[in-house]
Structures are given as structure tokens and as C-alpha cells.
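Colleague: model this:
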Amino acid sequence: MEKPSILVVDDEQTIRSLARRFLSDKFAILEASDGKEAVDMARKHKPDLILMDIMMPNMDGYCACSIIKNDQPTKRIPVVMLTGIGYELNKKLAKEVGARGYITKPFTSKELLDTIGRFLEIPE
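Modeller: Predicted structure coming up:
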């Protein structure tokens, strides 16, 4: 059986690598380094879930999430914001653009898997 795919979007390579290390046993991991690349990858690969940073060059996570959620082929993909900013206003904005979850950095593998598990069945 093919592993579910997760698109990890963050301009920091260390965060993408950490997410890959936590998740690659159970998921196929795709990576993007900014919001524009995330939109392109979402359209091309249609991942099962997207982990999206907020503050990135070229296009921020709010804008990318909004485009993905308003685009017919990608609108059903759950987007979880993965960010260093834990303010309530940011969580509210994330929800307004269609994000279904919110994880604050630094995160643990348990936090990541628990949040993902709300949207996807995690393979054994």
C-alpha cells in the first residue's frame, strides 16, 4: 500500500528535515521552501495533508493556504499551520484562510503525529 503524502512547507531547511525525520516512516514527504512553491506542489502532487509555515519569502503561508483552499483541485487538502508564532490572532487568521490545525514550533513528534492523526489515518 502506498504511504499517504504530506507536503512540508517551510523556508528553514532544519524544520523540513526535522518533520521528515519524524514522519518519513509513515508518510511520503514532499517539501517546499515558500508559499508559491507550496501552491505549485499542491496542484501537481495533491498531497493528503500540508504542514505550512506562516512567515516565508515570496508568498506567506496565509496567502498560500487561501489559494490552495479556494482552488477546486486542492480545496479538500487539510492544511495545518506550523509556525513559531502562537498568538491567538494568528490562529484566528489561519482559520479564516482555511487552515484546519495549528502547531507551534518547537514541536515534538507526538504533537505532529497527534495533529496529523486528526485528519489522516496513520499507517502502522
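
Colleague: Show the pLDDT at the residue nearest the centre of the chain.
Modeller: Nearest to the geometric centre of the chain sits residue 51, at 1.2 Å (CA atoms, centre = their mean). Listed pLDDT for residue 51 reads 98.

Colleague: who touches it in this structure?
Modeller: 6, 7, 8, 9, 10, 19, 80, 82, 103, 112 (CB atoms under 8 Å, 6 or more residues apart in numbering). C-beta here means a position set from N, CA and C on the backbone, and glycine is covered the same way.

Colleague: residues touching residue 38, list them.
Modeller: Contacts of residue 38 by CB under 8 Å, 6+ apart are 7, 9, 32, 50, 52, 59, 61, 64, 68.

Colleague: could those go into CSV alongside secondary structure and distance to residue 93?
Modeller: Output for the contacts of residue 38, formatted as CSV (DSSP: H, G, I helix; E, B strand; the rest coil; distance: CB to CB, whole Å):
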residue, secondary structure, distance to residue 93
7, strand, 20
9, strand, 17
32, strand, 20
50, strand, 17
52, strand, 12
59, coil, 15
61, helix, 10
64, helix, 13
68, helix, 15
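
Colleague: would you turn the residues you listed into a markdown table with distance to residue 97 and neighbour count?
Modeller: Below are the contacts of residue 38 laid out as a markdown table (distance: CB to CB, whole Å; neighbours: other CB atoms under 10 Å):
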| residue | distance to residue 97 | neighbour count |
| --- | --- | --- |
| 7 | 16 | 24 |
| 9 | 14 | 30 |
| 32 | 17 | 24 |
| 50 | 12 | 28 |
| 52 | 10 | 27 |
| 59 | 12 | 15 |
| 61 | 9 | 29 |
| 64 | 9 | 28 |
| 68 | 9 | 26 |
